[in-house]
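Novice: structure, please.
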Amino acid sequence: MLLRRNRLVPSALVWLCLCALSNGLAAHAALQSPSSRIEGAPEIGAPLTLEAPDESTSSGLTAATTDPEKDPQKGRISGTVVDIAGYSASGAKVQLKRDAQSPPMEVSSGENGQYNFDDLPPGPFELTVSAEGFETQKITGDLGPGEIHIVPEIRLAYATVKAEVRVEAPIAEVAQSQMKEQEKQFVFGFIPNFYVTYFADTAPLNSKQKFHLAWKSSIEPFTFAGVAAIAGLQQATNDFSGYGQGWDAYAKRFGAAYANVVTGTFIGSAMLPSLLHQDPRYYYKGTGSGRSRLLYALGNVVICKGDNKRWQPNYSGIIGSFATGAVSYLYYPEEDRNVNELIIQNSLIRFGQTAFINVLQEFVIAKVTPHLHKKPPTHP
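Specialist: Here you go, the predicted model:
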């Protein structure tokens with residue numbers, strides 16, 4: 001029984017081998033059948049050959065991947081503009097400059113702050129980036145042949161606001177300061193000389209200052225001394241004989257002479273200059289030839305500077321001289337009230353005196369006035 005079982009094992013093995021061989025032959029037959037082969041596929045066992053690609057197919061591939069019109073030497077410049085906080089700066093003006101022969105190119109940065117310059121020949125370049133409210137930035141570089149040049153991020157800084165603040169004192173304060181210097185002008189140290197200015201750019205006086213200067217001049221001790229001398233000379237020559245002689249007559253002559261000084265000063269140097277907007281002072285020239293300075297001094301009898309610092313006819317001085325003579329007609333003795341003498345002749349005499357004083361101002365008085373300031377004082 002045991003022997004019979006052992007013989008069955010080889011028999012089974014032989015049967016399995018025969019079945020496998022039969023299946024292999026059937027598969028081979030199927031592959032060799034014409035109906036079962038794939039059209040165009042090489043036969044099994046046949047040599048494999050490789051054909052060159054068709055020329056038309058190769059040309060089509062080249063046209064699709066390369067641009068025959070593009071210069072391989074040309075490159076590109078691109079970059080990004082941001083503000084000081086690092087946010088994209090759109091709308092910034094980016095200007096590209098290359099050589100002197102090439103015109104500058106300009107683009108605006110986009111919403112993301114980017115900018116591009118395409119089809120650029122190689123060589124050095126300069127970028128200028130500007131935006132309102134920011135400082136202008138300049139970047140230089142060198143573009144290589146066919147290079148795509150990425151410029152480092154450009155960060156804009158806020159523009160520095162430069163404001164020049166000039167603190168100027170009001171004109172009235174400047175004029176007041178200059179007038180104070182004029183009130184220190186004394187010929188030989190004791191003769192007042194208030195109505196001349198040595199400042200090249202003198203501020204015009206306002207009405208209050210013109211009246212103040214007239215009052216200051218009228219109450220100076222030397223003014224009283226000068227009037228006393230004139231009254232004494234008139235007494236000695238019996239001028240205006242209607243007054244008679246004696247201390248009473250001298251007092252009348254003194255009063256009339258002082259009235260002439262005060263009315264002439266206030267009318268010609270304060271009232272009319274205020275109404276006509278003219279400057280009653282003499283503007284010292286001090287430069288040029290002697291002839292030009294002499295003509296300038298004589299001309300100032302009939303011309304003067306206005307409050308607008310322009311030269312104009314000296315209406316204040318001319319009308320003031322005649323007006324003073326007309327006022328004096330009221331207080332001189334009746335027998336001496338001669339229109340020709342009191343108004344016309346005295347007015348002409350005043351013109352001559354003014355011309356003579358102007359010449360002295362231009363050539364002499366400045367030299368005999370101690371501590372004279374010829375530069376305007378610095379206003380605090």
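Novice: just for the protein, where's the confidence low?
Specialist: Applying pLDDT under 70 to the chain flags residues 1-70, 161-168, 339, 341-342, 373-380.
Novice: those strands in it, which residues are they?
Specialist: 75-82, 93-97, 105-108, 114-120, 123-130, 137-143, 148-150, 154-155, 186-187, 191-192, 196-197, 282-283, 303-305, 311-313 (DSSP state E).
Novice: elements contacting the first one?
Specialist: Right, strand 75-82. strand 114-120, strand 123-130, strand 137-143, strand 148-150, strand 154-155 (3 or more Cβ pairs under 8 Å, 6 or more residues apart in numbering; DSSP states H and E). C-beta here means a position set from N, CA and C on the backbone, and glycine is covered the same way.
Novice: try it again at 10 Å.
Specialist: strand 93-97, strand 114-120, strand 123-130, strand 137-143, strand 148-150, strand 154-155 (3 or more Cβ pairs under 10 Å, 6 or more residues apart in numbering; DSSP states H and E).
Novice: show me what contacts K305?
Specialist: Applying Cβ atoms under 10 Å, 6 or more residues apart in numbering to K305 gives the contacts 197, 202, 204, 278-283, 311-312, 314.
Novice: now with 8 Å?
Specialist: Contact analysis of K305 by Cβ atoms under 8 Å, 6 or more residues apart in numbering lists 278-279, 283, 311-312.
Novice: want to try JSON lines for those, with neighbour count and distance to K252 as columns?
Specialist: Shown next, in JSON lines, are the contacts of K305 (neighbours: other Cβ atoms under 10 Å; distance: Cβ to Cβ, whole Å):
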{"residue": "Q278", "neighbour count": "23", "distance to K252": "34"}
{"residue": "D279", "neighbour count": "24", "distance to K252": "35"}
{"residue": "Y283", "neighbour count": "19", "distance to K252": "38"}
{"residue": "W311", "neighbour count": "12", "distance to K252": "41"}
{"residue": "Q312", "neighbour count": "14", "distance to K252": "39"}
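Novice: before we move on, back to that, and Q185, which of the helices and strands packed on strand 75-82 is closest to it?
Specialist: For the helices and strands packed on strand 75-82, the distance to Q185 is smallest for strand 123-130, at 57.7 Å, taking Cβ to Cβ.
Novice: so what's I84 up against?
Specialist: I84 neighbours (Cβ under 8 Å, 6+ apart): 155-158.
Novice: going by distance to Q245, which of the residues you listed wins?
Specialist: Closest to Q245, out of all of these and judged by Cβ to Cβ, is Y158, at 90.1 Å.
Novice: who's that closest one bridged to?
Specialist: F134 (DSSP bridges).
Novice: okay, now it: neighbour count?
Specialist: Y158 has 10 neighbours, counted by other Cβ atoms under 10 Å.
Novice: next one: D248
Specialist: Neighbour tally, D248, other Cβ under 10 Å: 10.
Novice: what about it, distance to D83?
Specialist: Per Cβ to Cβ, to the nearest Å, D248 is found 94 Å from D83.
Novice: all set now, cheers.
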